[in-house]
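*Asks:* Sequence and computational prediction follow.
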Amino acid sequence: MSTDLNKLYYGDNLEVLRHYIPDQSVDLIYLDPPFNSRQDYNVLFAEKDGSRSASQITAFKDTWEWNIEAERSYQEVVESGGRVADAMRAFRTLLGGSDMLAYLAMMAPRLVELRRVLKETGTIYLHCDPTASHYLKLLMDGVFGVQHYINEIIWKRTTAHSDSKQGRKAYGNVTDAILFYSKSDSYYFKHQHNEYSELYLKKYNYVDTEGRRYRLDNLTGPGGAAKGNPSYEVMGVTRFWRYSKIKMEELIRDGRIIQTKPGSVPQYKRYLDEMPGAAVQSLWEDIPPINSQAQERLGYPTQKPEALLDRILKASSAEGDVVLDPFCGCGTTVQVAQRLNRRWIGIDITHLAIGLIKTRLDDGFGHDVRKTYQVIGEPTDVAGAQQLADENKYQFQYWALGLCGARPLEAIKKGADRGIDGRLYFHDDHSGDSKQIIFSVKGGHNIGVSEVRDLIGVLQREKAEIGVYISFEEPTKPMQKEAAEAGFYTSADGSKYPRLQLLTIKDLLEGNKNVQRPLHVRDVTFKKAPRSRADAAQNLTLNLTDE
């Protein structure tokens with residue numbers, strides 16, 4: 001593929017940043033890392049002996065533990081020296097070997113790398129919750145410099161609720177913090193505006209002969225001579241004015257100065273249609289969270305509303321700029337960047353997230369969007385798939401299920417039914433009833449007919465329409481015979497599909513086979529993302545060698 005495509009990386013963002021993203025190649029960074037938001041906050045500060053094994057980070061686990069891996073990360077940061085090392089040593093004095101320190105030790109080297117890849121004109125938005133925001137702010141001060149702190153944006157992420165379930169006497173937590181920093185004083189920023197309130201609009205209580213609404217505004221200069229305001233006569237009235245005499249005469253010629261009656265102080269005629277709107281401040285209460293009925297809701301646990309990213313990208317990037325999200329999750333940053341004609345880089349450590357992002361882009365922009373980006377880090381052959389299966393069976397399952405458009409069962413509910421690795425839902429009639437396909441993914445090489453019989457049993461127990469068995473090895477003849485005896489599922493239009501289907505990883509990679517299922521009504525495994533329309537008739541691509 002061409003090197004100028006947008007990039008979607010699967011892998012640890014620290015390694016991706018270090019090996020793939022050049023210095024000063026990114027204009028805007030938004031990151032929404034796992035929040036460390038355990039229900040029992042005391043756990044975050046508990047001392048650990050450092051001997052626990054490192055836990056696997058997934059899309060659905062945002063807790064951190066102080067262990068050997070955390071200690072190694074901490075030592076790496078401290079040995080690098082500088083302000084960040086000073087901050088981490090201070091954190092250790094304060095927090096000890098706690099899980100909170102493990103979280104900060106994970107974040108520190110990533111923030112250092114993010115500063116490296118950011119252009120001098122670039123900015124970074126770090127989205128966090130109250131549990132760790134105060135620590136992260138100090139860490140950001142160490143990485144970017146206190147002088148480059150711009151704002152702490154407070155986003156009201158939910159409506160009022162009780163935190164009593166945590167067993168804590170406290171006010172309900174309804175806000176997140178977004179820490180806004182620059183790399184230098186020459187950063188790009190464009191003010192954003194909201195519509196005016198009805199109360200404010202009532203101030204525009206005059207209408208001219210052309211039907212334009214306006215209000216009368218004060219022209220006198222606050223502070224008088226002490227503030228450098230000029231004094232002269234206008235329409236028989238002498239005052240200290242906001243404008244120079246030359247500017248005032250120009251406004252009078254343009255009909256922008258009104259004297260309501262002889263002797264009254266002249267006023268400025270301010271038109272409503274010339275006003276940009278109410279400037280956005282650091283308290284964001286106007287962007288609602290994604291509720292259960294929202295069209296853009298995809299069912300991903302940390303999904304943020306597109307309006308939030310829309311505001312950030314419009315304020316801190318221009319068309320053609322490069323936007324990076326190193327914890328891109330379900331891809332809201334990527335989706336908005338594509339729509340706003342920004343180039344983009346997304347990174348995530350789970351194949352579940354990568355699969356969801358690809359589906360979301362397809363839904364939003366059509367299949368041609370695939371020509372604008374490249375996925376890096378996914379297996380492209382059987383050997384790569386086997387390596388992934390050997391390293392992490394769950395990530396292998398996520399990836400294999402993603403090839404079929406299916407969703408891992410872990411993402412749907414905990415305590416999942418034994419024998420099911422994933423599901424795919426579809427509608428093949430207009431009854432509104434969901435039909436389901438269940439999946440069993442085998443990463444090893446010892447397969448046999450008993451596993452097919454087990455899947456048939458699960459199929460009957462779950463009352464599913466179709467079952468799919470995925471393996472590396474070609475199914476044996478007894479397996480094929482057992483699958484054939486399962487019969488067919490007949491769709492509402494009379495089409496027949498094998499009720500038990502056997503697929504290999506090679507089939508899926510080469511496109512020789514995939515799940516046979518009704519396609520005349522779309523599947524609903526992942527909620528379909530709303531169609532997006534780019535602001536301009538172009539889809540920009542990414543060239544990391546651009547200066």
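*Replies:* Alright, I've got the coordinates.
*Asks:* Please name the residues that touch Pro518.
*Replies:* 426, 428, 435, 491-493, 495, 497 (Cβ atoms under 8 Å, 6 or more residues apart in numbering). Just so you know, the C-beta spots here come from the backbone N, C-alpha and C atoms, and that holds for glycine as well.
*Asks:* Let me fix that, I meant to ask about Pro130.
*Replies:* 173, 175-177.
*Asks:* helices or strands up against the strand ranked longest in the chain?
*Replies:* If you go by DSSP state E, the chain has its longest strand at strand 118-128. Contacts defined by 3 or more Cβ pairs under 8 Å, 6 or more residues apart in numbering; DSSP states H and E place strand 118-128 against strand 26-31, helix 99-117, helix 133-144, strand 175-182, helix 306-316.
*Asks:* quick one: the third one to helix 99-117, angle?
*Replies:* Angle of helix 133-144 versus helix 99-117, following axes from the mean of the first three to the mean of the last three Cα atoms, to 10 degrees, is 30 degrees.
*Asks:* now do the shortest one
*Replies:* With the same axes, to 10 degrees defining the directions, strand 26-31 sits at 170 degrees from helix 99-117.
*Asks:* for strand 26-31, packing partners?
*Replies:* Using 3+ Cβ pairs under 8 Å, 6+ apart: strand 26-31 touches helix 99-117, strand 118-128, helix 306-316, strand 322-325.
*Asks:* now that strand: mean pLDDT?
*Replies:* Here strand 26-31 scores 98 as its mean pLDDT.
*Asks:* Packing partners of whichever helix or strand comes after it?
*Replies:* Beyond strand 26-31 on the C-terminal side, the first helix or strand identified by DSSP states H and E is helix 68-80. Applying 3+ Cβ pairs under 8 Å, 6+ apart, one finds that helix 68-80 contacts helix 82-95, helix 99-117.
*Asks:* what residue is smack in the middle of this protein?
*Replies:* Nearest to the geometric centre of the chain sits Thr332, at 4.0 Å (Cα atoms, centre = their mean).
*Asks:* which regions of this structure sit below the pLDDT cut-off?
*Replies:* 1-3, 35-63, 160-168, 290-302, 410-418, 520-547 (pLDDT under 70).
*Asks:* The same query, at a cut-off of 80, please.
*Replies:* 1-4, 34-64, 159-169, 223-226, 289-303, 352, 405, 407-419, 429-433, 519-547 (pLDDT under 80).
*Asks:* need the helices for the stretch 251-400 of the chain, in chain order.
*Replies:* Along the stretch 251-400 of the chain, counting by DSSP state H, counting those that start in this stretch, helices occupy 306-316, 332-339, 351-365, 382-391, 393-403.
*Asks:* if we can go back for a sec, how about TSV for the helices and strands packed on strand 26-31, with mean neighbour count and distance to Glu210 added?
*Replies:* Shown next, in TSV, are those (neighbours: other Cβ atoms under 10 Å; distance: least, Cβ to Cβ, whole Å):
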stretch	mean neighbour count	distance to Glu210
helix 99-117	23	51
strand 118-128	23	41
helix 306-316	21	31
strand 322-325	27	42
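*Asks:* For Ala464, which of those is the nearest?
*Replies:* Nearest to Ala464 among the helices and strands packed on strand 26-31 is helix 306-316; the distance by Cβ to Cβ comes to 33.5 Å.
*Asks:* now that closest one against helix 332-339, angle please.
*Replies:* 60 degrees.
*Asks:* ok, and what's touching helix 306-316?
*Replies:* 27-28, 30, 123, 125, 155, 178, 187-192, 280, 284, 287, 296, 323, 332-333, 335-337, 340, 342.
*Asks:* which of the residues you listed count as buried?
*Replies:* Neighbour-count burial within the contacts of helix 306-316 applies to 27-28, 30, 123, 125, 155, 178, 187-188, 192, 284, 287, 296, 323, 332-333, 335-337, 340, 342; the criterion is 16 or more other Cβ atoms under 10 Å.
*Asks:* Turn the helices and strands packed on strand 118-128 into CSV, columns for distance to Tyr232.
*Replies:* Compiled in CSV, the helices and strands packed on strand 118-128 are given as follows (distance: least, Cβ to Cβ, whole Å):
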stretch, distance to Tyr232
strand 26-31, 47
helix 99-117, 52
helix 133-144, 48
strand 175-182, 42
helix 306-316, 40
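*Asks:* Out of these, which is closest to Phe396?
*Replies:* helix 99-117 (24.0 Å).
*Asks:* Can you report how many residues lie near the nearest residue to Asn512 once chain neighbours are set aside?
*Replies:* In this structure, Asn512 finds its nearest non-sequential neighbour in Lys506, 7.6 Å apart by Cβ to Cβ, 6 or more residues apart in numbering. Counted with other Cβ atoms under 10 Å, residues neighbouring Lys506 total 15.
*Asks:* hmm, back to that, check the contacts of Pro130 and tell me the two furthest apart.
*Replies:* With distances taken as Cβ to Cβ, the most widely separated pair in the contacts of Pro130 is Asn173 and Ala177, at 11.1 Å.
*Asks:* so what sits against both of these two?
*Replies:* The contact sets of Asn173 and Ala177 overlap at 129-130 (Cβ under 8 Å, 6+ apart).
*Asks:* Who has more neighbours out of these two?
*Replies:* Taking neighbours as other Cβ under 10 Å, Asn173 and Ala177 compare with Ala177 leading, 19 against 16.
*Asks:* For the closest residue in space to the more buried one that isn't next to it in sequence, grab the count of nearby residues.
*Replies:* Once flanking residues are discounted, Ala177 sits nearest to Ser133: 4.1 Å by Cβ to Cβ, 6+ apart. Neighbour count of Ser133, defined by other Cβ under 10 Å: 19.
*Asks:* Contacts only, for Ser133.
*Replies:* Contacts of Ser133 by Cβ under 8 Å, 6+ apart are 152, 177, 179.
*Asks:* Distance check, it against Gly96.
*Replies:* Distance of Ser133 to Gly96, given as Cβ to Cβ, to the nearest Å: 20 Å.
*Asks:* can you give me the strands for the stretch 151-300 of the chain?
*Replies:* 175-182, 193-194, 206-207, 213-218, 231-234, 237-240, 257-258, 267-271, 278-279, 283-284 (DSSP state E, counting those that start in this stretch).
*Asks:* Distance to Gln395 added to those strands, as TSV?
*Replies:* Converted to TSV, these look like this (distance: least, Cβ to Cβ, whole Å):
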stretch	distance to Gln395
strand 175-182	28
strand 193-194	42
strand 206-207	64
strand 213-218	59
strand 231-234	74
strand 237-240	70
strand 257-258	69
strand 267-271	59
strand 278-279	45
strand 283-284	35
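*Asks:* what's stretch 258-275 in contact with?
*Replies:* For stretch 258-275, contacts defined as Cβ under 8 Å, 6+ apart pick out 196, 201, 204, 212-220, 234-237, 239, 251, 255-257.
*Asks:* now stretch 200-215
*Replies:* 216, 269-273, 278.
*Asks:* Out of the strands of the stretch 151-300 of the chain, the one nearest Val515 is which?
*Replies:* Nearest of the strands of the stretch 151-300 of the chain to Val515, taken as Cβ to Cβ: strand 175-182 at 38.8 Å.
*Asks:* Check the offset of that closest one from the chain's centre.
*Replies:* 14 Å (Cα atoms, centre = their mean, to the nearest Å).
*Asks:* Could you verify my assumption that Val234 touches Met248?
*Replies:* Yes - contact criterion Cβ atoms under 8 Å: Val234 and Met248 qualify, at 6.0 Å.
*Asks:* which residues do these two both contact?
*Replies:* 219, 241, 257.
*Asks:* so what's the closest residue to Leu17 other than its chain neighbours up against?
*Replies:* Nearest non-adjacent residue to Leu17, counting by Cβ to Cβ, 6+ apart: Glu113, 4.0 Å away. Glu113 is in contact with 14, 17-18, 21, counting by Cβ under 8 Å, 6+ apart.
*Asks:* So Glu113 versus Met107, what's the distance?
*Replies:* 11 Å.
*Asks:* hmm, back to that, and the longest strand of the chain, which strands flank it?
*Replies:* In the sheet, strand 118-128 lines up against strand 26-31 (parallel), strand 175-182 (antiparallel) (DSSP bridges).
*Asks:* Figure out which of those is closest to Arg407.
*Replies:* strand 26-31 (25.0 Å).
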